[in-house]
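K.L.:
here is a sequence together with a model predicted from it:
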There are 2 protein chains.
Amino acid sequence: MDKQDRPRRPTISDVAAAAGVSPKTVSRVINNEPGVRAELADQVLAAVSKLGFRRNTMASSLRSGGQTATIGLIIEDLANPFYSTIAATVANIARTHDTHLITVSSEENPELEQRQFLQLCQRRVDGMIIVPAGSDHSYTRPEVEMGMRMVFLDRPPSGILADSVVIDNAAGARAGIVDLLKDGHRRIGVVIDSPVIYTARERLAGVRSALAEAGIPYDDALVRVGVTNPDEAAHAVATMLDGVDPPTAFFTGNNRSTIGAIQELYRRDSDAALLGFDDFELATLMPRPLTVIAYDVQELGRAATLRLFERIGGDTSWPSETVIPTHLVQRGVQLLKS
Amino acid sequence: MDKQDRPRRPTISDVAAAAGVSPKTVSRVINNEPGVRAELADQVLAAVSKLGFRRNTMASSLRSGGQTATIGLIIEDLANPFYSTIAATVANIARTHDTHLITVSSEENPELEQRQFLQLCQRRVDGMIIVPAGSDHSYTRPEVEMGMRMVFLDRPPSGILADSVVIDNAAGARAGIVDLLKDGHRRIGVVIDSPVIYTARERLAGVRSALAEAGIPYDDALVRVGVTNPDEAAHAVATMLDGVDPPTAFFTGNNRSTIGAIQELYRRDSDAALLGFDDFELATLMPRPLTVIAYDVQELGRAATLRLFERIGGDTSWPSETVIPTHLVQRGVQLLKS
DNA sequence: CCAGAGCGAGACAACGTTGTCATCGACAGA
DNA sequence: TCTGTCGATGACAACGTTGTCTCGCTCTGG
């Protein structure tokens, strides 16, 4: 009845004993520090591979004070392609810094976000990238003051001064609407998420600014806010089309809404124009024409990650805001045949 | 010129000093251990929040021996929706166990996979879920013997005995082909990834078994292997259609190939039938009919994660293989109008 | 032949936390 | 009143690693 149900991993001392040297010498060898005779180093390496020793990263970074070679990413939902693209980009850059990535989902829930944030602090990550859900991030301040580095992604911080990387939401939406107006559309249906969300607010502002500039009154009957999934978007489009003086064009505030709008417009054989914020992978195979307001999602993630590693590297300059530009792209499967 | 460029976080001792108690008492309070007077506990909690103390998870799990409340996930590419769905599922279940998830990409590179595996071992994750890229995983054995728990996902392990969760690839492909045969198809073009990959191998085996059973000879001219992206798939389909006695139906071995096939078939207005392995989010909006061999991706991730946590919880039973069933589903935007 | 430099190696402590054990006071029972 | 018990609290060591310092040896130059 031996008491090692789960065998203990060899430690640096075990290796030292096996090689007939002191623990410190083993440490020197496995960290490539100078000052060890080649002969001794070989003995140590032999013991290391014989015992299957792997340095305990946690103990190491505890002793060496702080750096854990880990960063955190707080996003809404990893299953969403937008976020998974970002997560992949962040992870890849992190790897070039020999750093691991811990990804957590906030589910767009401010309270959960805060809990996740604090847990990552407890884990002493070297920094975090956060797509903020809540509207007040002053709770991060004590941690930031104690050295936690944060970069806000896709939405700016509030209640705290920090780096951020965002899309040029208003200008993108504005340019798209201007394009619709140029084609003669005067009644444009707007389907958008809750204005509580920064991006929705900004995009709506872009729409209103373009309309105002063209002297077109803002018609509440043509705006649906608080739409969060394709089905709701489809329904919103349907009710607008069924109303009096229906729109000849639609603007959808994100790709989920765009999907819903495509479904409804296709189902009705409607030839209304469609303008959607966000490009998406299969936009080129959609069964009807549409225009998307596209931007480089990877660049968004890349910019944030590079900024974070600059901070981790010791940069203490004033917080910066990076804005990623957008551009309009024609999509739809009909383009395949031309 | 104070020497604290980056302010030190308060430790349990700082809190103890501030509250006028011993470190151990602080430890008791923050871990909800019994045996502390309420009055003292309040003092401690006050000091904790005043100083902004957060327990150092690393130091804690170092002392308590082992458990880091972290698991690892090694996948091919986090940006791929298949893998990001799995990552999201794993992370969500992990959260219910108060465990964090570190996700790393192997980029289908066995050497990189091994390096990532060893790094996660060094970090002392409590367990790992791995979608293996290489064909030999005996290198994991020493770690497993020293207590690392692993579950193989989507592809079985080789060179080591371990839990695995896979899709019923052969049966799925077989059922799909049988369906095509039932509709009278006799010449079926096959587009598939390299047989080096387990899933491709199995799916191809399913195809061959169905053909053999129907007495249809296996025609090399109708098979393209080593196809890894939509463009290659489109090209494969094109060359088969341009050959003599072209296929009347196609089987594509994964959703990327399916996308490519759709593009090419649509471009040509071909009415060849299409059967693809893997469902995908926008399959319902594809501009032509297709049948997909679908399965519950979340269930795949869930089964693997539950198994892993059983192991972490102490289960030492014989390794199990879980097989996720498949089923056929009609897709394509034409269904929206019926 | 000896002092000083230089280098390889080990002893020791410390990182922040917690398991174990000792201590101390209060209180119940004889 | 004394002893035994129990509950609250603290002292100490240890988890695995590594920074710092010391020790002892060899080599060089006078």
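P.N.:
Thanks, I have it. Numbers count the residues shown, from 1 in each chain, chains lettered A, B, ... in the order given.

K.L.:
any idea how far A:Val48 is from the residue of chain A found nearest DNA strand D?
P.N.:
Residue nearest to DNA strand D within chain A (CB to the nearest atom of the strand): A:Ile12, separated by 3.0 Å. Any C-beta I mention is one placed from the backbone N, CA and C, and that applies to glycine too. Note on A:Ile12: its distance to A:Val48, by CB to CB, to the nearest Å, is 9 Å.

K.L.:
shared neighbours, the two?
P.N.:
A:26, A:30 (CB atoms under 8 Å, 6 or more residues apart in numbering or on different chains).

K.L.:
circling back to that earlier point, hmm, the residue of chain A closest to DNA strand D is touching A:Arg54, no?
P.N.:
No. Look at A:Ile12 against A:Arg54 with CB atoms under 8 Å: they stay out of range, at 10.4 Å.

K.L.:
backbone dihedrals for the closest residue to DNA strand C within the stretch 51-200 of chain A, please?
P.N.:
Residue of the stretch 51-200 of chain A nearest DNA strand C, by CB to the nearest atom of the strand: A:Arg63 (3.2 Å). The phi/psi pair for A:Arg63 (degrees, to the nearest 10) reads phi -60, psi -50.

K.L.:
and for A:Asn32?
P.N.:
Dihedral angles (degrees, to the nearest 10) for A:Asn32: phi 60, psi 40.

K.L.:
A:Gln116 too?
P.N.:
Phi and psi for A:Gln116, reported as degrees, to the nearest 10, are phi -60, psi -40.

K.L.:
and A:Pro142, how far is that from B:Gly159?
P.N.:
A:Pro142 sits 49 Å away from B:Gly159, going by CB to CB.

K.L.:
same check on A:His137?
P.N.:
Applying CB to CB to A:His137 and B:Gly159 gives a distance of 48 Å.

K.L.:
mind listing the helices for the stretch 51-200 of chain A?
P.N.:
In the stretch 51-200 of chain A, the segments counted as helices under DSSP state H, counting those that start in this stretch are A:57-63, A:81-96, A:110-122, A:141-145, A:169-182, A:198-213.

K.L.:
and A:Thr103, how many neighbours does it have?
P.N.:
27 (other CB atoms under 10 Å in any protein chain shown).

K.L.:
what's the answer for the one 10 residues further on, then?
P.N.:
Counted by other CB under 10 Å, the residues lying close to A:Glu113 total 24.

K.L.:
that one and A:Met128 touch, don't they?
P.N.:
No. Between A:Glu113 and A:Met128 there is no contact under CB under 8 Å: 11.1 Å.

K.L.:
so what secondary structure elements neighbour the helix or strand A:Ile293 falls within?
P.N.:
Element membership of A:Ile293, judged by DSSP states H and E, is strand A:290-294. Applying 3 or more CB pairs under 8 Å, 6 or more residues apart in numbering or on different chains; DSSP states H and E, we find strand A:290-294 packed against helix A:169-182, helix A:255-267, strand A:273-277, strand A:327-331.

K.L.:
hey, which of those is tucked in deepest?
P.N.:
strand A:273-277 (a mean of 25; mean count of other CB atoms under 10 Å in any protein chain shown).

K.L.:
any idea of the pLDDT on whichever residue of the stretch 1-150 of chain A sits closest to chain B?
P.N.:
In the stretch 1-150 of chain A, the residue that lies nearest chain B is A:Ser84 (3.3 Å; CB to the nearest CB). With respect to pLDDT, A:Ser84 has a value of 97.

K.L.:
what's the closest non-adjacent residue to it?
P.N.:
Excluding the flanking residues, the one nearest A:Ser84 by CB to CB, 6 or more residues apart in numbering or on different chains is B:Ser84, at 3.3 Å.

K.L.:
kindly report the same for A:Gly35.
P.N.:
A:Arg28 (6.4 Å).

K.L.:
how much space between that neighbour and A:Ser22?
P.N.:
Distance from A:Arg28 to A:Ser22, by CB to CB: 9 Å.

K.L.:
one more: A:Val178?
P.N.:
For A:Val178, the distance to A:Ser22 - CB to CB - is 73 Å.

K.L.:
with A:Ala200 instead?
P.N.:
Distance from A:Ala200 to A:Ser22, by CB to CB: 62 Å.

K.L.:
contacting residues around the residue of the stretch 1-150 of chain A closest to chain B?
P.N.:
Counting by CB under 8 Å, 6+ apart, A:Ser84 has contacts A:78, B:78-79, B:81, B:83-84, B:87-88.

K.L.:
can you do 7 Å?
P.N.:
Each residue near A:Ser84 by CB atoms under 7 Å, 6 or more residues apart in numbering or on different chains is listed here: A:78, B:78-79, B:84.

K.L.:
determine which two of these are furthest apart.
P.N.:
Using CB to CB, those span at most 11.2 Å, a distance reached by A:Leu78 and B:Ala79.

K.L.:
and those two? which has more neighbours close in?
P.N.:
With neighbours defined as other CB under 10 Å, A:Leu78 and B:Ala79 compare such that A:Leu78 has more, 25 against 20.

K.L.:
so what pLDDT did that one get?
P.N.:
96.

K.L.:
and if you look at A:Asp2?
P.N.:
So A:Asp2 comes in at 37 (pLDDT).

K.L.:
next one: A:Leu161
P.N.:
We have a pLDDT of 94 for A:Leu161.

K.L.:
equivalent analysis for the one 3 residues further on, please.
P.N.:
The confidence metric pLDDT takes the value 98 at A:Ser164.

K.L.:
same check on A:Ser135?
P.N.:
At A:Ser135, pLDDT is 87.

K.L.:
thought it was touching A:Gly159?
P.N.:
No. Assessed by CB atoms under 7 Å, A:Ser135 is found out of contact with A:Gly159, at 8.4 Å.

K.L.:
neighbours around A:His137, how many?
P.N.:
24.

K.L.:
what of the one 4 residues further on?
P.N.:
A:Arg141 is surrounded by 15 other residues when neighbours are defined as other CB under 10 Å.

K.L.:
quick one: contacts for it?
P.N.:
Taking CB under 7 Å, 6+ apart as the test, what A:Arg141 contacts is A:Ile160.

K.L.:
any idea how far B:Leu45 is from it?
P.N.:
Distance from A:Arg141 to B:Leu45, by CB to CB: 20 Å.

K.L.:
the helices and strands packed on strand A:290-294: which one's closest to chain B?
P.N.:
Among the helices and strands packed on strand A:290-294, helix A:255-267 sits nearest to chain B (CB to the nearest CB), with 5.1 Å.

K.L.:
which parts of the stretch 1-150 of chain A sit against DNA strand D?
P.N.:
A:8-9, A:11-13, A:23-24, A:26-27, A:30-31, A:33, A:53, A:55-56, A:59-60, A:62-64 (CB under 7 Å from any atom of the strand).

K.L.:
got a quick PyMOL command for the buried subset of the residues you listed?
P.N.:
Selecting the buried subset of these in PyMOL, with 16 or more other CB atoms under 10 Å in any protein chain shown as the burial test, is done by:
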select buried, chain A and resi 9+11+12+26+27+30+53+55+56+59+60+62
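
K.L.:
overlap between the residues of the stretch 1-150 of chain A next to DNA strand D and the residues near chain B?
P.N.:
Restricting those to those touching chain B (CB under 7 Å from any CB of the partner chain) yields A:9, A:55-56, A:59, A:62.

K.L.:
for those residues, which one is nearest B:Ser164?
P.N.:
Of these, the one sitting nearest to B:Ser164 (CB to CB) turns out to be A:Arg9, at 24.6 Å.

K.L.:
pretty sure the closest one sits against B:Met146.
P.N.:
Yes. Shown here, A:Arg9 and B:Met146 form a contact pair, counting by CB under 7 Å, at 5.1 Å.

K.L.:
ends of stretch A:162-174, how far apart?
P.N.:
Start-to-end span of stretch A:162-174 (CA to CA, to the nearest Å) is 27 Å.
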